[in-house]
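In: Structure of the sequence below:
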Amino acid sequence: MSVMLIYLIGAVLGVLLLLGILLFIWKRRYGKDLFMDMEGHEFEYYCADLLIKRGFLEVEVTKGSGDYGIDILAEKDGVTYGIQCKCYQEPVGVKAVQEAYAGRDYYDRMVGVVMTNQYFTAPAVQAARKLKIMLWDGDYIEYEPMV
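Out: Now for the predicted structure:
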């Protein structure tokens with residue numbers, strides 16, 4: 001009887017693992033559609049909500065225009081962040097990194113970030129390293145559904 005119980009528990013764990021893998025694949029494949037129709041300012045609020053869920057404090061979406069390259073101001077563990085949000089269908093380029101760099105200094109923030117639903121071009125990654133700008137790509141966002 002105990003061997004049967006062990007097999008049953010193993011089967012249940014196997015099914016749960018398979019469901020978890022399928023959910024991960026589904027989110028990676030179809031979750032991107034969440035951002036298809038999202039406008040820039042709507043994406044900024046989506047990112048702000050995500051940051052709050054991840055423990056950031058004093059999360060503030062800046063005004064839509066004239067924001068000097070920063071869309072969100074936030075703080076976590078005593079570190080202040082200036083975040084540039086890009087909701088694109090293509091990889092994000094150098095311009096976004098430059099905007100975050102300029103905006104970080106304008107808002108007197110410790111860390112500049114570019115946050116996107118996509119990924120970054122190789123030149124953008126190189127510029128970010130040189131300018132000390134953090135890059136948070138689609139994997140950081142994880143395509144979490146809005147609640």
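In: Quick one: low-confidence residue ranges for this structure.
Out: Within the chain, the segments meeting pLDDT under 70 span 1, 20, 22-36, 64-67, 142-147.
In: which stretches of it form strands?
Out: 57-61, 72-76, 79-86, 111-116, 133-136 (DSSP state E).
In: Rebuild those strands as TSV, extending it with mean neighbour count and distance to Met4.
Out: C-beta here means a position set from N, CA and C on the backbone, and glycine is covered the same way. TSV is the format used below for these (neighbours: other CB atoms under 10 Å; distance: least, CB to CB, whole Å):
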stretch	mean neighbour count	distance to Met4
strand 57-61	14	52
strand 72-76	19	50
strand 79-86	23	54
strand 111-116	24	50
strand 133-136	19	48
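In: Which one of these lies nearest to Glu99?
Out: For the strands of the chain, the distance to Glu99 is smallest for strand 79-86, at 5.1 Å, taking CB to CB.
In: domains in this protein, as residue ranges please.
Out: Domain ranges of the chain: 2-31, 38-141, per automatic domain parsing.
In: Single out the most deeply packed of those domains.
Out: The densest packing among these, expressed as mean neighbour count by mean count of other CB atoms under 10 Å, is seen in domain 38-141 with a mean of 17.
In: now it: how far from the chain's centre is it?
Out: 9 Å (CA atoms, centre = their mean, to the nearest Å).
In: Start and end of it, how far apart?
Out: One end of domain 38-141 to the other measures 14 Å (CA to CA, to the nearest Å).
In: hang on, the earlier thing: same list, the strands of the chain, but as TSV with distance to Pro123 please.
Out: Listed next are the strands of the chain as TSV, based on distance: least, CB to CB, whole Å:
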stretch	distance to Pro123
strand 57-61	28
strand 72-76	24
strand 79-86	15
strand 111-116	13
strand 133-136	12
